[in-house]
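> sequence-free structure coming up:
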């Protein structure tokens, strides 16, 4: 294990709903915070389900099947040891809400099918208090929220507990990120 990859893990607060103000405010750094400070490259993240800045289909939300959307990654640097991802809603009423975080993803992953757990990954606890993906679920009547999926190509694999927070993940990626890419979707109800 590389020195500096062990990160103390704090428990993530369980927040009912999707940042609807009914629970404690979620706390998370912005999608481009700490980990991208040393990133030198860009990778591309796309989905056949929706275009960047497009509307996320209902199937991938709390009103549909609540499964993760299909994704594709290109431009991953050759020396990547693992991938990580973080899906955040920066428009949530009480602060950024976490919908998905995963790390230790096989660096040869070029795509994920809908509802596919990333190969080799550890999935963390989302803002709903569950492990894995939790689809967009903004408060009814809000303008559509943005859902920012950031994928990180790293030179190692973070040694984190499954209940790691986004801050823990970004801290572990700091200084180890080779490239990043984002895909932003919108959803309102």
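Nice, I can see it. Values in this document were obtained by computation on a predicted structure and should not be read as measured data.

> what about the helices in this protein?
In the chain, the segments counted as helices under DSSP state H are 166-173.

> what is the most centrally placed residue in it paired to in the beta sheet?
Most central in the chain under CA atoms, centre = their mean is residue 86, positioned 1.4 Å from the mean C-alpha point. For residue 86, the beta-bridge partners under DSSP bridges are residue 101, residue 150.

> show me what contacts it?
31, 98, 100, 101, 149, 150, 152, 166, 169, 170 (CB atoms under 8 Å, 6 or more residues apart in numbering). For glycine as for every other residue, the C-beta is placed from the backbone atoms N, C-alpha and C.

> same thing but at 7 Å, please
Residue 86 is in contact with 31, 101, 150, 166, 169, counting by CB atoms under 7 Å, 6 or more residues apart in numbering.

> quick one: which of those residues has the most company?
For those, neighbours were counted by other CB atoms under 10 Å; the highest total belongs to residue 101, with 30 neighbours.

> didn't it look like it was pressed against residue 168?
No: under the criterion of CB atoms under 7 Å, residue 101 lies out of contact with residue 168, with a separation of 9.2 Å.

> any weak-confidence spans in the protein?
Using pLDDT under 70 as the threshold, the predicted model of the chain has low-confidence ranges 1-40.

> Ends of stretch 133-153, what's the gap?
As for stretch 133-153, its first-to-last residue distance stands at 20 Å under the measure CA to CA, to the nearest Å.

> can you offset everything so residue one is 45?
All set: I'll call the first residue 45, so the last point we hit is now stretch 177-197.

> So for that stretch, what gets flagged as buried?
Of the residues in stretch 177-197, those buried under the neighbour-count criterion (16 or more other CB atoms under 10 Å) are 177-183, 189-197.
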